[in-house]
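Enquirer: next input, structure requested:
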Amino acid sequence: MTQKGKQKHALRIFLSYAAADRVYAEKLRGLLSRRPHVRLFTTEMLSAGEDWQSKLKEELSHCDLFMVVLSPNSVDSKWILYELGAAWAIDKPILSIVTHPDVVSKIPVTFSQVQVVEIKDLEKPDIINQMLERYEGVVTSHRTH
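Expert: From the prediction side, this is the model:
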């Protein structure tokens, strides 16, 4: 089957960030929205009265990529750490967008298999495209097997 003949599946991204880091999250959303095959989930998408714990678990288990904004705010947030730990425990690929390099040492997850990108690097036009293409390739190969 040719590349054109393959149906492209949406890359499902769970974006985790502290409320105080909304500016960084909005920047990421803007960059991600330029990609035609990205389905983004954030906790802001939860509706009032919804069983939010079940929804979070469902979205985490079905995401293809867990993306987290790591900042001084997020390392102080128990929910960000819960989400990060859950993604790590179920072997989700983790992409960390770091606002301050020193926060990486404050996270209790081994970063040997976690990609870390500094927020300033997202200013380079092709960085986000290169990262997502890498994950899209991994997802496509897993879905076809």
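Enquirer: quick one: the strands in the protein, in order.
Expert: Assigned by DSSP state E, the chain shows strands spanning 11-16, 38-41, 65-70, 94-98, 115-118.
Enquirer: just want the most central residue of the protein.
Expert: By C-alpha atoms, centre = their mean, the chain has its centre lying nearest to residue 67, at 1.7 Å.
Enquirer: tell me what that one is bridged to.
Expert: Note on residue 67: beta-bridge partners by DSSP bridges are residue 15, residue 95.
Enquirer: from residue 13, how far off is it?
Expert: Residue 67 sits 5 Å away from residue 13, taking C-beta to C-beta, to the nearest Å as the criterion. For the C-beta atoms, the positions are set from N, CA and C on the backbone; glycine is no exception.
Enquirer: go on, residue 133?
Expert: Distance from residue 133 to residue 13, by C-beta to C-beta: 13 Å.
Enquirer: ok, the nearest residue to residue 97 once chain neighbours are set aside - contacts?
Expert: Closest residue to residue 97 apart from its sequence neighbours, by C-beta to C-beta, 6 or more residues apart in numbering: residue 69 at 5.0 Å. Shown in contact with residue 69 (C-beta atoms under 8 Å, 6 or more residues apart in numbering): 15, 16, 17, 18, 21, 24, 25, 28, 97, 99, 119.
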